[in-house]
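> Task: produce atomic coordinates for the following.
(chains A and B)
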Amino acid sequence: MGCGMGKSELQLKKCDRVSISAPGACSRLQSQPKCHAHCEAATAIRAALLIQRWYRQYVARLEMRRRCTWNIFQSIEYAGEQDQIKLYNFFGFLMDHFTPASSERNLISHIFRENEICRDIEWERYFCYKSIEVPESYTGPHLTFPMTFCGVSKLMEAFKHKQQLHARYVLQILGETWRLLRILPNINYVSVCHNQEITICGDLHGHLEDLLLIFYKNGLPSSEKPYVFNGDFVDRGKNSLEILLILFGFLLVYPNDVHLNRGNHEDHIVNLRYGFTKEILGKYRVHGKKILKLLQKIFSWLPLATVIDHKVLIVHGGISDMTDLNVIERVDRHRYVSALRPTKMSQQAVNGSKSQNSRNGEAGGPVEGRRRVYSLTHHSPASAQRHNPPRRSLHNLPISNQLSWSLEDELKRRRRLAGFDQSYGEMNKSESDSDSEPAGTETDEQEWKQIVDLLWSDPMPQNGCIPNEVRGGGCYWGPDVTEEVLERHNLQLLIRSHECKQDGYEFCHNRRVLTIFSASNYYEVGSNRGAYIRMGPDLVPHFIQYQASRTCRELTLTQSVGWTERSALRALREQLFVHKSDLISAFQEFDPNNTGMISLRHWASATETVLNLGLPWRMLRPQLVNSTKYGMVDYQQWIRELSITEPKLEISDTSILETMYKNHSNLETIFRIIDTDHSGSISFEEFRQTWKLLSSHLQTEISDEAIADLAQSIDFNKDGSIDINEFMEAFRLVDLSAHT
Amino acid sequence: MAESNNQSAETKLSDVHKRIKAAFETFDNAANNTVDVREIGTIIYSLGCFPSQADLHDFIAEVEEDHSGYIHLDRFLPAMTKVLLEHKFPPIPKDLLLQAFEVLDKDNKGYLEPEELTKYMTQEGEPFTQEEMEEMLTGLADHERNVIYYKDVINQLAIDPDM
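Sure thing, here's the model as predicted:
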């Protein structure tokens, strides 16, 4: 086999199979230097090609693993969001069918009460901080008003040192912020001066270290350094309040140069589930409730969008085919305290949602695929089904397979399960639901949809606009919608956030849509970088990426992928564990002879039916199932080997425990809703009510005995109440393998 | 596996289809059977294939819909099935890989300096970007000596047994 001398059409593949080069042959030709050099060069090229091909394959495999891990986290995240929507829809359903007189209604009606105190004067009185004294023992920062740059700097320093701001000052800042936000328009129109650049940040989600990192790298906000923060400042991370206070501080000092957009997490209902409510109540035991109430108002007053030089639109979620900035400019944005529910639902909407809510937003369908629920703003089941490709499905509850049901029966059943009074008057909308708004109109419905779309939508690669059933709110919009909406408004670029991206940012739709996400390590240490945008008058975006923890920067690609992967698998094992009864039932359906073994194919199919996360179980199998014999899984053993420890409790009815694990977040959310005075504790009776509500939502029976039993195992406070945090903590699952 | 011993051609085909679909779905974000064209390379590689960049370009040209930027499963599935059944982009045998490194290691040191490797990877063949190069060096270089012991590396990055 000769060298490549003179053979310009030498095929790489053919050559590969034999050898890169034959050293013997080349050495023979050493006497001819020109040929030898040529031969060497060609060989080197072939060698390089080979190595490049090999290495790229290796990286791609890692990328595939990383992507799978990502999908796991995201599926679990969206499943949680869906649960939230379902729960909220369920409450809405109950609300719409309560008698005004029932006392149980008060348990949850308050979350639908948009404005307890309507007039501004009353608000001012309610939020008066003047009576709150700052004790001598307080070592945190003292603030003076009006807010100054020094004040905000002081605040940042204090937070860096893990100090907490006194409630008095918190209320003061919030009060000032509220007064300012009220006079801002729904859409901020800003301009970039010729020698300046504007900075745009995405989701922060309580990650204070990322905000501080951005300020460190980019400089603090000022009139020379304008900033736009594109929503989702709170929830998940543990410094949501600190981030808000810093952002509000800068807003107060530089109102023309700092711009805040509302995100879908600037919403008190979402906060109940995702940690912000818990954070506030944990940090401010006495004044937490007031702070939460004031924040509720502030969130509703946050502007909805920012437009730069009439060319670049910045919103948190995205758009839909109906997006109309003229409409958005005119809405009374503060009426939409929570984007999850319109101020008043029109009769049509209620009827639509009734029929879907009473099925809890479920429909039948084939088993593989990501969970879907009917989205908030798209009520008709028919349209949703049209867009459902056959292989996707919604969760199949065994009970809801009844083909004929009447609304009355359904209602009776629900009320019985919830332990409510059986008598009920005529079914009417919650007229005495406190907001004194007039009955919902068609316009209200449309306005509400505009806002939800801005805050909750995601882009998709295909043309069209379909309901976003993975999140349960907003829509998925395609490149054609981007073109149409941008053109209609004479814009050239849409910047949005809302979705975590591995590199902190990502273009799509022919670079007409740009996603920017600023919370690094969002799912797990090493999961992703954060990024922010700098943009000059030429409106060309430049990106700066970062990752908050020093540890993860030093990890190699392989190590970082491995770390995140292990974490995702832990989360997945937990999900598998909490569903073990359902899993075993599903497995047994494939094992009629009770051999204890099923095929891998059946294992994958059954697992997806139960968990409904839309994950590629066959691909994940090697990491979840340790041993298989001849392609069969010993499923009982496998469940045992999941190595999750349950807390040691003496409870006779263990099925309630499993319900508890499966509905951890739902339970906590309901607790917090019921805890109307935001004290962090509930009475035993309220505890019992919570379980009843949950059982009604899940359409499963939970007996009073089981509840009493559960209560026995808890430590009560001295006054006979139950601390919510302690309770939730006591029932947290621990993954044993995490300690290996 | 007992399953594969008595596999008919049909079962084998169906298994191949399942593998392709699973890999495809990983990148199908909006769950509508389309993926961004930029992800196709990753998908093909993850199925155990070793195409060159030129091979990828040709493949994409076949399955992409009019430079729309996305690829639909309807076109990907048959094309990829053909690739897998015909073993079109086979793996690189370890010994050949070793030879390749040895060619670059002109002085027969048993390792490569980062500069040496960089020169070849970024200037010859189908060159790496700077980012690709940095990642390669971070991943493959020995932490203490800062050289690449290619024999060890080849063994470490062995092909996934699952493929």
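
> CA atoms for contacts and neighbours, from now on please.
Will do.

> measure A:A606 to chain B for me?
From A:A606 over to chain B the distance is 16 Å, taken as Cα to the nearest Cα, to the nearest Å.

> tell me the secondary structure for the most centrally placed residue in chain B?
When Cα atoms, centre = their mean is applied to chain B, the residue found nearest the centroid is B:Y45 (3.2 Å). The three-state assignment at B:Y45 reads helix, by DSSP: H, G, I helix; E, B strand; the rest coil.

> same check, this time on the one 3 residues further on
With three-state DSSP as the basis, B:G48 sits in coil.

> neighbours around it, how many?
Other residues lying near B:G48 total 20 when counted by other Cα atoms under 10 Å in any protein chain shown.

> Phi and psi next, for it.
phi 90, psi 10 (degrees, to the nearest 10).

> Point out where the chain drops to low pLDDT.
Picking chain A for this. Low-confidence segments of chain A, defined by pLDDT under 70, are located at A:1-35, A:93-120, A:341-442, A:549-557, A:643-654, A:713, A:715-718, A:731-740.

> look at chain B instead
B:1-7, B:30, B:158-163.

> And the strands in it?
Remark: strands assigned in chain B by DSSP state E are B:34-36, B:70-72.

> and the ones you listed as CSV, adding distance to chain A and mean neighbour count?
Below are those laid out as CSV (distance: least, Cα to the nearest Cα, whole Å; neighbours: other Cα atoms under 10 Å in any protein chain shown):
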stretch, distance to chain A, mean neighbour count
strand B:34-36, 7, 22
strand B:70-72, 7, 21
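
> residue in the stretch 401-550 of chain A nearest to chain B?
Closest to chain B within the stretch 401-550 of chain A is A:M460: 5.7 Å, counting by Cα to the nearest Cα.

> Which residue is the nearest non-sequential neighbour of that residue?
Nearest residue to A:M460 in three dimensions, chain neighbours excluded: A:G478, at 5.2 Å (Cα to Cα, 6 or more residues apart in numbering or on different chains).

> who touches A:Y78 in this structure?
Counting by Cα atoms under 8 Å, 6 or more residues apart in numbering or on different chains, A:Y78 touches A:470-471.

> again, only using 6 Å
A:R471 (Cα atoms under 6 Å, 6 or more residues apart in numbering or on different chains).

> coming back round to it: wait, doesn't the residue nearest to A:M460 sit right on A:D458?
No: in this structure A:G478 lies outside contact range of A:D458 using Cα atoms under 6 Å: 9.1 Å.

> So for those two, which sits in the more crowded spot?
A direct count of neighbours by other Cα under 10 Å for A:G478 and A:D458 places A:D458 higher, at 27 against 22.

> Check whether A:P221 sits in a helix, strand or coil.
The three-state label given to A:P221 by three-state DSSP is coil.

> Backbone dihedrals for the closest residue to it other than its chain neighbours, please?
Nearest residue to A:P221, sequence neighbours excluded (Cα to Cα, 6+ apart): A:Y227, at 6.3 Å. With angles defined as degrees, to the nearest 10, A:Y227 sits at phi -130, psi 150.

> A:V258 is in contact with A:Y227, correct?
Yes: contact criterion Cα under 6 Å: A:Y227 and A:V258 qualify, at 5.0 Å.

> Please identify which of the strands of chain B is closest to A:L171.
strand B:34-36 (47.6 Å; Cα to Cα).

> quick one on the thing from earlier: so for the residue nearest to the centre of chain B, what's the nearest residue that isn't a sequence neighbour?
Nearest non-adjacent residue to B:Y45, counting by Cα to Cα, 6+ apart: A:Q57, 5.3 Å away.

> quick one, phi/psi of the one you found?
phi -70, psi -40.

> Just give the number of residues close to it.
Residues near A:Q57, counting by other Cα under 10 Å: 26.

> And it, how far from B:T42?
Note on A:Q57: its distance to B:T42, by Cα to Cα, to the nearest Å, is 8 Å.

> Repeat that for B:T81.
Applying Cα to Cα to B:T81 and B:T42 gives a distance of 16 Å.

> what's the longest helix seen in chain B packed up against?
Ranked by residue count and defined by DSSP state H, the top helix of chain B is helix B:9-26. Taking 3 or more Cα pairs under 6 Å, 6 or more residues apart in numbering or on different chains; DSSP states H and E as contact, there are no helices or strands that helix B:9-26 lies on.

> thinking again about what came up before, check contacts around the residue nearest to A:M460.
A:459-464.

> Just the buried ones among those residues, please.
Listed as buried from those are A:459-462; burial here means 16 or more other Cα atoms under 10 Å in any protein chain shown.

> Identify, from those residues, the entry nearest to A:G720.
A:P459 (50.2 Å).

> which residue packs closest to the closest one, ignoring adjacent ones?
A:P459 sits nearest to A:W477 (Cα to Cα, 6+ apart), 4.9 Å away.

> where's the one you found relative to A:I319, distance?
Counting by Cα to Cα - A:W477 and A:I319 are separated by 7 Å.

> More neighbours: which of the two?
Using other Cα under 10 Å as the criterion, A:W477 and A:I319 rank with A:I319 on top: 31 against 26.

> does that one really touch A:L455, like I thought?
No: at 8.3 Å, A:I319 does not count as touching A:L455 under the criterion of Cα under 6 Å.

> A:T676: which element?
Assigned by DSSP states H and E, A:T676 falls within no helix or strand.

> Next one: it relative to A:K289, how far apart?
Note on A:T676: its distance to A:K289, by Cα to Cα, is 9 Å.

> ditto for A:S497
In terms of Cα to Cα, A:S497 sits 30 Å off from A:K289.

> which among the buried ones among the contacts of A:G478 gets closest to A:I328?
For the buried ones among the contacts of A:G478, the nearest to A:I328 is A:P459 (20.0 Å; Cα to Cα).

> out of B:T81 and B:T42, which sits in the busier spot?
Set B:T81 next to B:T42 and count neighbours by other Cα under 10 Å: B:T42 wins out with 22 against 16.

> The more buried one - nearest residue in space that isn't next to it in sequence?
Nearest residue to B:T42, sequence neighbours excluded (Cα to Cα, 6+ apart): A:A60, at 4.8 Å.

> Just to be sure, the one you found is in a strand?
No: going by three-state DSSP, the assignment for A:A60 is helix, not a strand.

> just the helices in chain B please.
With helices called from DSSP H, chain B shows them at B:2-5, B:9-26, B:40-46, B:53-63, B:73-85, B:94-104, B:114-123, B:130-140, B:150-156.

> a markdown table for the ones you listed, including distance to A:S153?
Shown next, in a markdown table, are these (distance: least, Cα to Cα, whole Å):
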| stretch | distance to A:S153 |
| --- | --- |
| helix B:2-5 | 67 |
| helix B:9-26 | 45 |
| helix B:40-46 | 46 |
| helix B:53-63 | 52 |
| helix B:73-85 | 54 |
| helix B:94-104 | 55 |
| helix B:114-123 | 45 |
| helix B:130-140 | 37 |
| helix B:150-156 | 50 |
